[in-house]
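> I would like to see how this sequence folds:
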Amino acid sequence: MIRDPYQNNRLAELVEKTTGLQAGRRIIHAITGTVIFFAVTQLELSKSLTVTGLSVLFLILLASDLARLRVPHLNILFFRFFQILVSPRESQNIASSTWYILGALIAIMLFPLSAALSGILVLAWADPTASYLGRRWGRRAFLGGTLEGTTAFLVVAVLILSVRHPPSIAIPSACLITLVERSAWPLDDNLILAPACAGILTLLNLIV
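This next block holds a predicted model:
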């Protein structure tokens, strides 16, 4: 907890600047998953090497989060230098980027690499598209979000999964992960989406 009034006010000023549509944050969100995808596929990284790399990155991000949440000045610096990447809720919580990397790591650890990478791409592109369009043009409420945002998520998920999987698996998987995204989870959706999508794809591959 920040007890110094000056630090408290300074952080509040910086947090205020991170409100709004945050287009830059959503672009970085998409780039991150895409980089992971191409790093694995184009560099032909093994599953074990990918897990090791993501584990190291996660530990670095987690350590930095714990440090800044304990040291107010570090939190202020974090919001000053990464203004386009952060959201207001991260002033008192672990950053979404940390959960993002952990979600990607869990997906790759637990599921076949092809399914995990598809889940990471859905997280990378469908989630920020839905969030941006829902905030920008969303008018009709739907399951805690907007119908417009949810539709955008579904369309992008269908497109991504249809490129990588047969339609009989891609379309129902996209519908199911859209429902997962709209569900009220106590955890950050950046942690949930990639493993959930990978799990759905894996299960449907066994059934269909």
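> Tell me where the model's unsure across this protein.
Across the chain, the ranges flagged by pLDDT under 70 are 1-7, 15, 18-21, 138, 142-144, 184.
> Longest helix of this structure, counting residues only.
Taking DSSP state H as the criterion, the chain has its longest helix at helix 47-70.
> Could you give me the buried positions within the helix or strand following that one?
Helices and strands here follow DSSP states H and E; after helix 47-70, the next one along the chain is helix 72-81. Using 16 or more other Cβ atoms under 10 Å as the test for burial, helix 72-81 gives 72, 75-76, 78-79. For the C-beta atoms, the positions are set from N, CA and C on the backbone; glycine is no exception.
> for stretch 198-208, same thing?
Those would be 198-202, 204, for stretch 198-208 by 16+ other Cβ under 10 Å.
> Only alpha carbons, please: show the helix or strand where V155 lies as PDB.
Using DSSP H and E, V155 sits in helix 147-164. Only the C-alpha atoms of helix 147-164 are listed here, as PDB (Å, rounded to 0.1, in the frame of the first residue of the first chain):
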ATOM      1  CA  LEU A 147     -22.800  -8.400 -28.700                       C
ATOM      2  CA  GLU A 148     -20.500  -6.500 -31.100                       C
ATOM      3  CA  GLY A 149     -17.400  -7.400 -29.200                       C
ATOM      4  CA  THR A 150     -18.400 -11.100 -28.800                       C
ATOM      5  CA  THR A 151     -19.200 -11.300 -32.500                       C
ATOM      6  CA  ALA A 152     -15.800  -9.900 -33.400                       C
ATOM      7  CA  PHE A 153     -14.100 -12.500 -31.100                       C
ATOM      8  CA  LEU A 154     -16.100 -15.300 -32.700                       C
ATOM      9  CA  VAL A 155     -15.300 -14.200 -36.300                       C
ATOM     10  CA  VAL A 156     -11.600 -13.800 -35.600                       C
ATOM     11  CA  ALA A 157     -11.400 -17.100 -33.800                       C
ATOM     12  CA  VAL A 158     -13.200 -18.900 -36.700                       C
ATOM     13  CA  LEU A 159     -10.800 -17.400 -39.200                       C
ATOM     14  CA  ILE A 160      -7.700 -18.300 -37.200                       C
ATOM     15  CA  LEU A 161      -8.800 -21.900 -36.300                       C
ATOM     16  CA  SER A 162     -10.100 -22.600 -39.900                       C
ATOM     17  CA  VAL A 163      -6.600 -21.900 -41.300                       C
ATOM     18  CA  ARG A 164      -5.000 -24.400 -38.900                       C
END
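> Show me what it is packed up against.
If contacts are counted by 3 or more Cβ pairs under 8 Å, 6 or more residues apart in numbering; DSSP states H and E, helix 147-164 sits against helix 113-121, helix 127-137, strand 141-142, helix 167-182.
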